[in-house]
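In: coordinates only, no sequence provided:
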């Protein structure tokens, strides 16, 4: 899953991203603290592999999230190849998850 979360009053930014990438969904919801938030999500494996990953390869992140992207990209590749359907694959994915910034 690829996710961007912003305050609900910035939902237009998420709509522009969605329009540009031509995939995903936007949801507006209320957080536990009572503030409204908006979330753009892409969960389809095909969209992650063919749209999201190539986008960030072309326009790399310049912050700490760049390392997380590379780890996430490996995991998406594992899932795309059904490696998550075996015990060893699940264990390896969980190891990668521990390496990522929460």
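Out: Alright, I've got the coordinates. Not measured: the values here are computed from a predicted model.
In: which elements pack onto the longest helix anywhere in the chain?
Out: The helix that spans the most residues within the chain, counting by DSSP state H, is helix 65-80. Applying 3 or more Cβ pairs under 8 Å, 6 or more residues apart in numbering; DSSP states H and E, one finds that helix 65-80 makes contact with helix 45-47, helix 53-58, helix 87-99. Placement of C-beta: from N, CA and C, glycine included.
In: how far does it sit from the chain's center?
Out: 9 Å (Cα atoms, centre = their mean, to the nearest Å).
In: so for that helix, mean pLDDT?
Out: What helix 65-80 shows for mean pLDDT is 93.
In: and residue 48, how many residues sit next to it?
Out: If you count neighbours by other Cβ atoms under 10 Å, residue 48 ends up with 21.
In: show me what contacts it?
Out: For residue 48, the contact set (Cβ atoms under 8 Å, 6 or more residues apart in numbering) comprises 2, 42, 76.
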